[in-house]
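> okay, here's the prediction I keep looking at, along with the sequence it came from:
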Amino acid sequence: MERTVRVRFAPSPTGPLHIGGVRTALYNYLFARQHGGQMILRIEDTDQTRFVPGAEQYIIEALTWLGIEFDEGVHVGGNYGPYRQSDRKPMYRQYAEQLIADGHAYYAFDRPEELEAKRKEYEALKQTFQYDCHTRSTMCNSLTLSDDEVQRRIKSGEPYVVRFKFPADTLITVHDLIRGDVTMNSNLLDDKVLFKSDGMPTYHLANIVDDHTMEVSHVIRGEEWLPSAPLHVMLYRAFGWEDTMPQFAHLPLLLKPEGNGKLSKRDGDRLGFPVFPLDWQDPKTGEMSSGYRERGYLPQAVVNMLALLGWNPGTEQEILSMEELIKLFSIEHISKSGAKFNVEKARWFNHEYIQMMPNEELANLFMPQLQAHGIQADMDYVVKVCGLMKERISFPTELWDHTAYFFQAPTSYDEAAVRKRWKPGMTTHMAHMIELLQTLPFEYDVLHHAILDDYIAANGYNTGQIMNSFRLALVGETKGPDLLTLVMLLGKDETTTRLQRAIDTIGERSDN
């Protein structure tokens, strides 16, 4: 009988969600949806010393913004809860004690200063200390102490941790769906702490217990967890759960744009792009970090961009909706090597999605910018402006800079353009433009023929000189869309008013 696909995204609430974590969540989501399975959000807050207020809500808000939906989790409930590890605390101790009773783990009473002294002792010999099958017999633990002494220490409240007892000289093979079989000798592995002196499990124990009790079928996570996978496989064996052990897939890293090392917040600060989905303010330092949402990225563009960082659909197609990603996604097409983050490609994706966005939707995003500049504009007009100008932008936040002259007449004129374009006699030409606008039907084709053919061409004037001066009068500089399209949008009255203002302001110039 085929097992129901159940995956989980299990972040720690230690700060803002890194964009690499978002990609992990996205791949889990695509895999679950493609197989008709369930997606779980579990908050792994076993390390209370690193807990950051607001981080859990940030994670939920970020994933909601991106359209990554959960069937179970801290914010939606479910039949396998609680979904926050700190709320599951009582259950972990019994599993730790089960491992001790079965000989797969042991109590360790070594004080921090004793462990530090041992490390320095090894450093003096130019060696690295590791608490493992070679050294545990020399340490203070339940393998070297009598049962009575162990119980005495526990009853007296002496701090202890529970460590996993790796068997000596054992080959441990992890089958990874991306990398194939990865084998490691247990002699190289340290006896990891499973249960801490504060009564909380470490990630390793809680992770295995939770994945088993939540019936997780596939663990899709970052490759930084690959070195821990042998321990996790051994824990499944120690508990007798190997038959229901999930399949593993360890995702390649998101790399710096230069390719040398993992993408970090420092890279984003240095190169001017976000590494977090939403703005984040550190509650301790007050430091602000920018997010994709506030920078003007569209959630669909971020999802599309992230999906293709480390995975490909096997085709040349780059623009893929969430529905298409779900249909095409496969673990087999995930790369083994890290994926370089490409800042320009991220901008390109956003530009492409803005072009596909309905003009009305873009206008709604633009309205707050207009209001911030004191502009009260008719929505139909704003929609037309957005439709005309959106091909020039990569972010909605760029609209004002590209379209301000649609809403405000220029009060000054670019000096270099005036010197180049506003030649002697230009006030006469602009006065003639006003006359044509006032006497002819206000229609694109009529004005196009009357200005370009009947006036400019028939009289042998310089087309570029007159049309660029016309544009200068309307915009304040020589930029903008097709001139007569701009005239049609501004309307007859506004166009003639701006022409007259330019005549009055710039005036007749001598050719010097």
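On my side now, so go ahead.

> check contacts around residue 496.
Residue 496 sits next to 434, 437, 438 when contact means C-beta atoms under 8 Å, 6 or more residues apart in numbering. Bear in mind the C-beta positions are built from the backbone N, C-alpha and C, glycine included.

> list the contacts of residue 189.
By C-beta under 8 Å, 6+ apart, the contact set of residue 189 is 132, 166, 172, 230, 231.

> now for those: which two are most distant?
Greatest spatial distance among the contacts of residue 189 (C-beta to C-beta): 132 and 172, at 13.5 Å.

> and the helices in the stretch 351-500 of the chain?
359-372, 379-389, 399-407, 415-421, 426-439, 444-448, 458-459, 463-475, 483-490, 492-506 (DSSP state H, counting those that start in this stretch).

> possible to save those as a markdown table with distance to residue 289?
Converted to a markdown table, those look like this (distance: least, C-beta to C-beta, whole Å):
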| stretch | distance to residue 289 |
| --- | --- |
| helix 359-372 | 22 |
| helix 379-389 | 30 |
| helix 399-407 | 24 |
| helix 415-421 | 39 |
| helix 426-439 | 50 |
| helix 444-448 | 48 |
| helix 458-459 | 60 |
| helix 463-475 | 37 |
| helix 483-490 | 39 |
| helix 492-506 | 43 |
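
> to residue 149, which of those lies closest?
helix 359-372 (68.9 Å).

> buried residues in that closest one?
Applying a neighbour-count criterion of 16 or more other C-beta atoms under 10 Å, one finds 359, 362, 363, 365, 366, 369, 370 buried in helix 359-372.

> skipping its backbone neighbours, what lies nearest the last one in space?
Closest residue to residue 370 apart from its sequence neighbours, by C-beta to C-beta, 6 or more residues apart in numbering: residue 377 at 5.6 Å.

> in contact with that neighbour: list those residues for me.
Applying C-beta under 8 Å, 6+ apart, the residues contacting residue 377 are 367, 370, 407.

> gap between residue 354 and residue 279?
Relative to residue 279, residue 354 is positioned 20 Å away (C-beta to C-beta, to the nearest Å).

> can you give me phi and psi for the residue nearest to residue 329 when sequence neighbours are not counted?
Nearest non-adjacent residue to residue 329, counting by C-beta to C-beta, 6+ apart: residue 30, 4.0 Å away. Residue 30 has phi and psi values of phi -60, psi -40 when expressed as degrees, to the nearest 10.

> surely residue 30 meets residue 304?
No. Using C-beta atoms under 8 Å, residue 30 is not in contact with residue 304; the gap is 11.8 Å.

> run through the chain and note the low-pLDDT ranges.
Low-confidence segments of the chain (pLDDT under 70): 1, 511-512.

> what's near enough to touch the residue lying closest to residue 287 once chain neighbours are set aside?
Ranked by C-beta to C-beta, 6+ apart and with sequence neighbours excluded, the top spatial neighbour of residue 287 is residue 281, at 7.1 Å. For residue 281, the contact set (C-beta under 8 Å, 6+ apart) comprises 287, 288, 289.

> using PyMOL, define a selection of the buried residues within those.
Filtering those down to the buried ones (16+ other C-beta under 10 Å) takes a single PyMOL command:
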select buried, resi 289
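
> ok, so of the contacts of residue 281, who is nearest residue 321?
Distances from residue 321 to these, taken by C-beta to C-beta, are shortest for residue 289, at 28.8 Å.

> who does that closest one form a beta bridge with?
Per DSSP bridges, the residues bridged to residue 289 are residue 280.

> against residue 17, how distant is it?
On the measure of C-beta to C-beta, residue 289 and residue 17 end up 11 Å apart.

> what's the overlap in contacts for those two?
Joint contacts of residue 289 and residue 17 (C-beta under 8 Å, 6+ apart) are residue 276.

> can I see the domain layout of this protein?
Following automatic domain parsing, one gets these domains for the chain: 6-77+207-255, 89-195, 265-279+288-353, 357-404, 409-512.

> from the contacts of residue 189, which single one is nearest residue 210?
For the contacts of residue 189, the residue nearest residue 210 by C-beta to C-beta is residue 231; the value is 15.3 Å.

> confirm the closest one sits in a helix?
Yes. Going by DSSP: H, G, I helix; E, B strand; the rest coil, the assignment for residue 231 places it inside a helix.

> now for it, how many residues are close by?
Using other C-beta atoms under 10 Å, the number of residues around residue 231 comes to 24.

> same check, this time on residue 239
With other C-beta under 10 Å as criterion, residue 239 counts 17.

> which residues are in contact with it?
Residues near residue 239 by C-beta under 8 Å, 6+ apart: 95, 98, 99, 208, 212.

> what ranges does the stretch 1-150 of the chain have for its strands?
For the stretch 1-150 of the chain, the strands defined by DSSP state E, counting those that start in this stretch cover 6-9, 38-41, 72-73, 105-108.

> contacts for the last one, please.
With C-beta under 8 Å, 6+ apart as the test, strand 105-108 has contacts from 96, 99-100, 131, 136, 139-143, 150, 153-154, 160-165, 191, 193-194, 238.

> the second one too?
The contact list for strand 38-41 (C-beta under 8 Å, 6+ apart) reads 4-10, 28-29, 32-33, 59-60, 63, 68-76, 78, 80, 83, 214, 216.

> repeat the analysis, applying 10 Å as the threshold.
Identification of contacts with strand 38-41 by C-beta atoms under 10 Å, 6 or more residues apart in numbering yields 4-11, 25, 28-33, 56, 59-60, 63, 68-76, 78, 80-81, 83-84, 210-211, 214-217.

> centre of the chain to that strand, how far?
Here the centre of strand 38-41 is set off from its chain's centre by 19 Å, with C-alpha atoms, centre = their mean, to the nearest Å.

> helix, strand or coil for residue 163?
Using three-state DSSP, the structure places residue 163 in strand.

> what sits against it?
Contacts for residue 163 (C-beta under 10 Å, 6+ apart) come out as 96, 99-100, 105-108, 110, 131-132, 136, 139, 141-143, 190-195, 202.

> reformat the contacts of residue 377 as JSON lines; add distance to residue 273.
Below are those laid out as JSON lines (distance: C-beta to C-beta, whole Å):
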{"residue": "367", "distance to residue 273": "26"}
{"residue": "370", "distance to residue 273": "27"}
{"residue": "407", "distance to residue 273": "30"}
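
> would you mind listing the buried residues in stretch 104-117?
By 16+ other C-beta under 10 Å, the buried positions in stretch 104-117 come out as 104, 105, 106, 107, 108, 109, 110.

> tell me the buried residues in stretch 502-512?
Quick answer for stretch 502-512 (16+ other C-beta under 10 Å): 502, 503, 506.

> the second one reaches residue 434, doesn't it?
Yes. A contact is recorded between residue 503 and residue 434 when judged using C-beta atoms under 10 Å, the distance being 8.2 Å.

> where's the closest residue to residue 409 other than its chain neighbours relative to residue 476, distance?
Closest residue in space to residue 409, ignoring its immediate chain neighbours: residue 498 at 5.2 Å, by C-beta to C-beta, 6+ apart. When distance is defined by C-beta to C-beta, residue 498 is 9 Å away from residue 476.

> hey, which of the strands of the stretch 1-150 of the chain is tucked in deepest?
Of all the strands of the stretch 1-150 of the chain, strand 6-9 carries the top mean neighbour count, a mean of 26, counting by mean count of other C-beta atoms under 10 Å.

> roughly how far is that strand from the heart of the chain?
Using C-alpha atoms, centre = their mean, the offset of strand 6-9 from its chain centre is 19 Å.

> may I have that strand as PDB, with CA atoms only?
C-alpha atoms of strand 6-9 as PDB (Å, rounded to 0.1, in the frame of the first residue of the first chain):
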ATOM      1  CA  ARG A   6       3.100  14.100   4.300                       C
ATOM      2  CA  VAL A   7       5.900  16.700   4.400                       C
ATOM      3  CA  ARG A   8       6.800  19.400   6.900                       C
ATOM      4  CA  PHE A   9       8.500  22.800   7.000                       C
END
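
> mind giving me the packing neighbours of it?
helix 19-34, strand 38-41, strand 72-73, helix 203-213, strand 218-222 (3 or more C-beta pairs under 10 Å, 6 or more residues apart in numbering; DSSP states H and E).
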